[in-house]
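A.B. asks: coords please:
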Amino acid sequence: KKSSPRNMVFSTLVCRKASMSKISRPLNSFALQLKHANKFNVSTRSVRPSLTSSVIIKRGGAAATIAAYTSSGVVPFEWISGIIGGSFVGGSAAMFMLFHGRIAGISGIFGRVLQHTLSFGRNPNKLASCAQFGFLAGLLSGGVFWHRTAAQQNNEIDFYGLLPQRIKVAERLTYSPYIMALSGLLVGVGTTLGSGCTSGHGICGLARHSIRSLSAVSTFMATGTVACMLSKTYAPDTYYDCQCETYEKLRASFGSKWPQYVVPAVASCLILGAVFSGRARIANESVATLIPAMLCGFGFSTGMMISGMTNPEVVRSTLDLRIFRANFVDEYNPTLWFVFCGALAISVPLFPIISRTMQEPLFGKLWHLPTSTHIDKRLLIGSGVFGAGWGLGGVCPGPCLVALGSEENALPMSVFCGSMATGSVVAAALF
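C.D. replies: Numbering: from 1, shown residues only. Now for the predicted structure:
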C-alpha cells in the first residue's frame, strides 16, 4: 500500500458488508471522485463525501481522519484548527466561570487590572481580584511559552502530537505603527464604553443568552466588516506594508529583549501584586485562586495560538466581504467563523449547566456576572468604535496580549497594547 497523504483517505474508508450496499455506493463514488481529481491534478476542495457515507477508521482514530481529509484538500486544515482552537477558548472561559464565577472577558480583565495598578490598590471601586491577576498572568505566560517553543521548531508548533498537522505561527507583521496605534486606541475606547469585546460579549455573553451581548456582537461585527473593507479598498499600501528602515532596526532590537525579559517580568509582577496586595483579595478570594486562574489563562492563549487568531491577516480576511471582486472565492478565509463556532459549541451548553447546578464557584463565595440587560447608546457606540478598530488592525485584546511573546511582532503588538491601555484609561476618565 502506498503511504502518501492522498492515498491515506482510501485506506481509512471501509465499506460495510453486502447488506449495507446502499451506504457503500456513496463511499465508492466519493473515492472515484478523489481518484479522478488526483489523477488529473484537479483541486479536490470541491469534492465532498455524501452525507449518507459510513466511514470506519481502522487505525489512528479522529486524528487520522482529520489528517486524511486535510491532506487531500477536502477540508482546509485552517478550518479544523479554528474549531479546535475555538474549543480551547470556550472551554477555558467555561472553566474560569466554574472556578471563579467570573466572565473571561479579556478587555474587562485587562481594564480592571490596569485601573487597580494605576490607583495602587487604594481605590475600592477599582480593585481587581486574584483570579483576574492570575488569568492575565497565565495569558501572557502562555504566549511567551508557545512562541519560544515555535522558535525552536522552525516557527511551527506540533502541540506535542495532539494535532494531525503542525501549526505555523503568525509571520512577520508589516503593518505601520500608525495603523496599530490608531487601531489600539479605538479598541481601548470601544471596549471600555461597550463593556466587552469578542470574548466577553461574543463567547461568554452569547453563551449566557444575553440580548445585550447579542446587540453588541451584531454592532461590532458590522462596523468591523465595513472598516476592514474600506481599509482594504482605499488605504495606501504603505499603511499595511511598512518599509521604514528606522522602524525595522528598532523592531529587531526590541523583539530580542521584550519576549525574553519584559513579558515574563510583567507576568511575575502580576502574580506578586496579587499575592502581596491584600486589597486584591475581594469577595473572599484567597491567593490559592491564582493557580486555577493561570491555568484558564494558559488554556485561552493555547486556543488563540491553535486557531491562528494572533495573525491579524486571518481576521481581516474573514471580515473582508467584498463579494464582487473577481478572486473573492479563492481568497476568502472563514477561519474566524469556525473559531466562534468551536468556542460557542463548548460555552453555550456549559454556561447554563454551571449557573444552574452550582450554588457558588469552586474557588469563591459569590458569582460575579453582569446583571444589566439595558441596551443603551453607550453600549452601541462603544461596540461600534471597537469594531472599527478591530477591522482596521485585525487585533483584539486577547490575541494582542498573547502575541506580545513573539519576537517578530513584539513591537507592533506593544504599540497596539499601549494605545489600547491609553484609550481605556481616557474613556474611563471622560465617560
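A.B. asks: what's near enough to touch Met221?
C.D. replies: Shown in contact with Met221 (Cβ atoms under 8 Å, 6 or more residues apart in numbering): Gly387. C-beta coordinates here come from the backbone N, C-alpha and C atoms, glycine included.
A.B. asks: SS state for it?
C.D. replies: Following DSSP: H, G, I helix; E, B strand; the rest coil, Met221 is assigned to helix.
A.B. asks: could you report the distance from it to Leu214?
C.D. replies: Applying Cβ to Cβ, to the nearest Å, the value for Met221 to Leu214 is 11 Å.
A.B. asks: same question for Arg102.
C.D. replies: Arg102 is 21 Å from Leu214, by Cβ to Cβ.
A.B. asks: compare those two (neighbour count), which wins?
C.D. replies: Arg102 (26 against 15; other Cβ atoms under 10 Å).
A.B. asks: what score does the closest residue to that one other than its chain neighbours have for pLDDT?
C.D. replies: Using Cβ to Cβ, 6 or more residues apart in numbering and skipping residues adjacent in sequence, the residue nearest Arg102 is His368, 4.8 Å away. On pLDDT, His368 comes in at 89.
A.B. asks: which helices and strands does the helix or strand hosting Ala93 pack with?
C.D. replies: Element membership for Ala93, per DSSP states H and E: helix 77-100. Packing partners of helix 77-100 (3 or more Cβ pairs under 8 Å, 6 or more residues apart in numbering; DSSP states H and E): helix 61-71, helix 130-151, helix 206-207, helix 290-307, helix 335-357.
A.B. asks: now do the strands in this protein.
C.D. replies: Applying DSSP state E to the chain gives strands spanning 156-157, 167-168.
A.B. asks: any chance of those strands in a markdown table, with mean neighbour count and distance to Val348 too?
C.D. replies: As requested, the strands of the chain are exported to a markdown table (neighbours: other Cβ atoms under 10 Å; distance: least, Cβ to Cβ, whole Å):
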| stretch | mean neighbour count | distance to Val348 |
| --- | --- | --- |
| strand 156-157 | 17 | 28 |
| strand 167-168 | 17 | 25 |
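A.B. asks: for the stretch 1-150 of the chain, which spans come out with low pLDDT?
C.D. replies: 1-74 (pLDDT under 70).
A.B. asks: re earlier: include mean pLDDT and distance to Val113 when you put the strands of the chain into JSON lines, please.
C.D. replies: Formatted as JSON lines, the strands of the chain follow (pLDDT from 0 to 100; distance: least, Cβ to Cβ, whole Å):
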{"stretch": "strand 156-157", "mean pLDDT": "85", "distance to Val113": "28"}
{"stretch": "strand 167-168", "mean pLDDT": "83", "distance to Val113": "29"}
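A.B. asks: between these, which gets nearest to Leu350?
C.D. replies: strand 167-168 (25.1 Å; Cβ to Cβ).
A.B. asks: what's the closest one in contact with?
C.D. replies: Under Cβ under 8 Å, 6+ apart, the answer for strand 167-168 is Ser81, Asn155, Glu156, Ile157, Asp158, Phe159, Met305, Ile306, Gly308.
A.B. asks: direction included, what does it pair up with?
C.D. replies: strand 156-157 (antiparallel) (DSSP bridges).
A.B. asks: not counting the partner strand itself, show me its contacts.
C.D. replies: With Cβ under 8 Å, 6+ apart as the criterion, strand 156-157 contacts Trp146, Thr149, Ala150, Arg166, Ile167, Lys168, Val169, Met305.
A.B. asks: appreciated, that's everything.
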